[in-house]
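[1] Please find the sequence and the predicted model below.
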Amino acid sequence: MKQLRIALAGNPNCGKTTLFNALTGSSQYVGNWPGVTVEKKGGRLKGHPGVTVEDLPGLYSLSPYTLEEVVSRDYLLNERPDVIIDLVDGSNLERNLYLTTQLCEIGIPVVIALNMIDLVRRNGDRIDTGRLSAAFGCEVIETSALKGTGVAELTAKAVEVAESSASRRPTPMFGQETEAAIGRISELIRKQCEPQSLRWYAVKAFERDEKVMRELNLSPEAAAELEAIISETERKLDDDSESIITNERYEFIERLLNDTVRRKERRGHLTASDRIDRVVTNRWLALPIFAAVMWAVYYLSIQTVGTMGTDWVNDVLFGDWIPGATEKFLAAVGCAEWLQSLILDGIIAGVGAVLGFLPQMIVLFFCLALLEDCGYMARVAFIMDRIFHKFGLSGKSFIPMLVATGCGVPGIMASRTIENDKDRRMTVMVTTFIPCSAKLPIIALIAGAFFPESSWIAPSCYFIGIGAVIFSGVLLKKTPLFEGEPAPFVMELPAYHVPGGKNVTLQVWDRSKAFVRKAGTVIFVACVGVWFLSSFNFRMQMVEENRSMLAAIGGVLAPLFSPLGWGDWRAVAASITGLIAKENLVGTCGILYGNMAEVSEDGAEVWPQLQAAFTQVSAFSFMVFNLLCAPCFAAIGAIRREMGSDKWTLIAVGYQCLLAYAAAFLIYQIGAVLFLGSGFGIGQVIALIVLAAILWQLFRPLRKKRPEPIAVETAAAGE
């Protein structure tokens, strides 16, 4: 039986992820598109083992302006799936149908999923799906991916169309002059392309699409005739060819919607999304509301709900049950002392110290998934654009940073959607300042051990990351490498909706599973390595920790970090292992500072060895350094791929480490005087000089005046 392939296409924020989850369930796989690092998602269609669904990146068009558009276009033209499901936001047809006009030209059968139909009906609007179907020459199915409405019918229709491979011809979309030109071009290039894609290539040739022109490889005579046809039409319509096609598409959509959509008359009526946005995106209230939301997220995950689960995992699971049972078993079988040490002090203490924070991470993932699914995080990007533009950053930079709250690697990869090369490089450099899920155990470790009563410590880490981003934007824009005006930011604000339980659950499950998988592989190996280095000397003799190889290595580097308040070799070693994976820092502390499981919620037993090695100020300095310094090796690899050169990678990692060191140095040297009663010495003098130099760089005028930022255009769904 032939394997059928379905391509899922649609604009960003149209519910594509929700529909993809509904179509494939848990049978999903994630990889990269061939030759590029754009994420590729696919899965088996539920109830149809012989059918696969490929989720294309969110697109506004198939013009080759971004890597996502190039990847999607190449897949559709070269791989030619059996059918395309075009997900269209029914509450915002004007924008969504632009992509539909292009998909219908490729010659692959299309099924339109008219999504958010529940919102359309609630608004009192009516859409004539019959006329819509006739105009585009394809089936139209009303759906609500969030509520599951129409998904079964869509699945059945997509499979039926894929099996029949029947593609109906859409009605002519363009005016008489343009259609005549495209007809002449079609005859000219007929032998150079497949018949089913002829119209697509003719339209793109009319637009002088460079990639299509290279594919067609026309003779000089044919190329001259093509140019004559295009130039003649441009003179008649008094516009360039690309603008002609763009205008024709929108005019076709406008005529179509006048015939197919009946909107309920609303006099002065605001949608629920509009009313909410008047508050949450208000110029003065937006930032305080955002700060309050993030405080609540971290308060729930670090201080209250998440802590309850973490306390049980630490105190009971990894504090009593697993170590106790393992120790009895190893003693009963006569296990060697060194192997007992490896299993109890290395694997269980190290990996257990990391997994102990899993309940807090699950709560954090749940809260972030709710915010993303309801539409609020898109507003956060809009809010931050106002600030970023003032400080020299593109508003587009915040999208990768939102992605990086889960993991820095896809966050860095998401920066490729930024067209301006300088803005993209700067975004790659600063994205990992935002705390990712791997850094949450570090935050929980320091907050629980030194600030158990302070609910502001954990959320402050998020705002320290944003502060580092803004600081970097101002600082770097005044250097020759990054000077220039940031690119404008245009984005779609989706309508607010109640988060879907299934979608939120899948997001939490995927992120939690990835964290546990890393704990069972990378962190497991790293903990074994840390145990070995901390248990043996260079002569391969088992010794005390302070005479081990790790102590020797850490001891060499420790003086470098003494000005930051933590010149202990164990803290330095933990920071180094954090480069492998940030969670390793906690695992290493679990091995070097003793069993992290003996921690109670009231603080009476809060890591006594840590408290002996750190003060509150030096602990905060230690946390800030490890949050801002170079990310894990996987993220550094992503930086290398996106920068495309070793030089830029070294610049990025060097800047991150330098900024982290300077921030931790200032925190400790100034904090020691303000909070620990230390005297004023050479360290404080150097700190004031560093602070003065930073302030001078921040506030010195630019060498040339930069134009005012371009206003951001937004469109709320349903308007």
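    Great, that's in hand.
[2] so where do the helices sit in the stretch 301-450 of the chain?
    According to DSSP state H, counting those that start in this stretch, the stretch 301-450 of the chain carries its helices in the segments 305-312, 322-332, 337-341, 349-355, 358-374, 376-390, 398-404, 408-413, 421-430, 440-450.
[3] can you list contacts of the last one?
    In other words, helix 440-450. Helix 440-450 has contacts (Cβ atoms under 8 Å, 6 or more residues apart in numbering) with 301-303, 307, 310, 353-354, 357, 360-361, 364, 435, 454, 457-458, 461, 578, 582-583, 585-586, 589, 596, 599, 606-607, 610-611, 614, 616, 619-620, 622-623, 626-627. C-beta: built from backbone N, CA, C; applies to glycine.
[4] Would you check how far apart Ala414 and Val212 are?
    Computed as Cβ to Cβ, to the nearest Å, the Ala414 to Val212 distance reads 28 Å.
[5] And stretch 11-31, how far out from the chain middle?
    Taking Cα atoms, centre = their mean, to the nearest Å, the mean C-alpha location of stretch 11-31 is offset from the chain mean by 16 Å.
[6] got it, and stretch 398-415?
    Relative to where its chain is centred, stretch 398-415 has its mean C-alpha point 3 Å off (Cα atoms, centre = their mean).
[7] Could I get the average pLDDT for it?
    In this model, stretch 398-415 carries a mean pLDDT of 78.
[8] Can you show me the CA trace of it as PDB?
    These are the backbone C-alpha positions of stretch 398-415, laid out as PDB (Å, rounded to 0.1, in the frame of the first residue of the first chain):
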ATOM      1  CA  PHE A 398      12.100  38.700  21.800                       C
ATOM      2  CA  ILE A 399      10.600  35.700  19.900                       C
ATOM      3  CA  PRO A 400      13.800  33.700  20.100                       C
ATOM      4  CA  MET A 401      14.000  34.600  23.800                       C
ATOM      5  CA  LEU A 402      10.500  33.300  24.400                       C
ATOM      6  CA  VAL A 403      11.600  30.100  22.700                       C
ATOM      7  CA  ALA A 404      14.700  30.000  24.800                       C
ATOM      8  CA  THR A 405      12.700  29.800  28.100                       C
ATOM      9  CA  GLY A 406      12.300  26.100  27.200                       C
ATOM     10  CA  CYS A 407      15.800  25.500  25.700                       C
ATOM     11  CA  GLY A 408      18.500  27.800  24.400                       C
ATOM     12  CA  VAL A 409      19.300  25.700  21.300                       C
ATOM     13  CA  PRO A 410      15.900  26.300  19.500                       C
ATOM     14  CA  GLY A 411      15.900  29.800  20.800                       C
ATOM     15  CA  ILE A 412      19.200  30.500  19.100                       C
ATOM     16  CA  MET A 413      17.900  28.800  15.900                       C
ATOM     17  CA  ALA A 414      14.800  30.900  15.900                       C
ATOM     18  CA  SER A 415      16.900  34.000  15.400                       C
END
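[9] What residues of it count as buried?
    398-415 (16 or more other Cβ atoms under 10 Å).
[10] The helix or strand encompassing Ala619 vs helix 421-430, what angle?
    Per DSSP states H and E: Ala619 is located in helix 616-628. Put simply, helix 616-628 runs at 140 degrees to helix 421-430, going by axes from the mean of the first three to the mean of the last three Cα atoms, to 10 degrees.
[11] Quick one: end-to-end distance for stretch 55-70.
    15 Å (Cα to Cα, to the nearest Å).
[12] Number the residues from 787 up from this point.
    In the new numbering, first residue 787, that becomes stretch 841-856.
[13] Now find how far off-centre it is within its chain.
    17 Å.
[14] pLDDT-wise, which helix or strand of the protein ranks last?
    Lowest by mean pLDDT, DSSP states H and E among the helices and strands of the chain is strand 1500-1502, with a mean of 37.
[15] Give me the neighbour count for the nearest residue to Leu1071 once chain neighbours are set aside.
    Setting aside the residues directly before and after it, Leu1071 is nearest to Val1065 in space (Cβ to Cβ, 6 or more residues apart in numbering), at 6.1 Å. For Val1065, the neighbour count with other Cβ atoms under 10 Å is 10.
[16] these two touch, right, Val1065 and Ser1059?
    No: here Val1065 does not reach Ser1059: they are 11.4 Å apart, not a contact under Cβ atoms under 8 Å.
[17] When you filter the contacts of helix 1226-1236 down to buried only, what's left?
    Using 16+ other Cβ under 10 Å, the buried members of the contacts of helix 1226-1236 are 1087-1089, 1093, 1096, 1139-1140, 1143, 1146-1147, 1150, 1221, 1243-1244, 1247, 1364, 1368-1369, 1371-1372, 1375, 1382, 1385, 1392-1393, 1396, 1400, 1402, 1405-1406, 1408-1409, 1412-1413.
[18] Pull the distance from stretch 1191-1205 to the chain's centre.
    Using Cα atoms, centre = their mean, the offset of stretch 1191-1205 from its chain centre is 5 Å.
[19] Likewise for stretch 1137-1145?
    That offset, for stretch 1137-1145, works out to 24 Å (Cα atoms, centre = their mean).
[20] Do me a favour and get the end-to-end distance for it?
    So stretch 1137-1145: terminal residues 15 Å apart, Cα to Cα.
[21] Could you do stretch 992-1010 as well?
    13 Å.
[22] And that stretch, what's buried?
    Phe992, Glu993, Asp995, Val998, Met999, Leu1002, Leu1004.
[23] Show me where the stretch 1237-1386 of the chain has its helices.
    For the stretch 1237-1386 of the chain, the helices defined by DSSP H, counting those that start in this stretch occupy 1243-1263, 1287-1306, 1308-1321, 1335-1347, 1355-1363, 1370-1378.
[24] wait, isn't Ser847 in contact with Tyr884?
    Yes: using Cβ under 8 Å, Ser847 is in contact with Tyr884, at 6.2 Å.
[25] will you turn the buried residues of stretch 992-1010 into CSV that also has distance to Ser1348, secondary structure and pLDDT?
    Listed next are the buried residues of stretch 992-1010 as CSV, based on distance: Cβ to Cβ, whole Å; DSSP: H, G, I helix; E, B strand; the rest coil; pLDDT from 0 to 100:
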residue, distance to Ser1348, secondary structure, pLDDT
Phe992, 68, helix, 94
Glu993, 63, coil, 92
Asp995, 61, coil, 89
Val998, 62, helix, 90
Met999, 63, helix, 91
Leu1002, 67, helix, 90
Leu1004, 70, coil, 91
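[26] Within its local environment, how many residues does Thr1090 see?
    11.
[27] Please disregard the earlier target; I meant Tyr1447.
    Taking other Cβ under 10 Å as the definition, Tyr1447 ends up with a neighbour count of 17.
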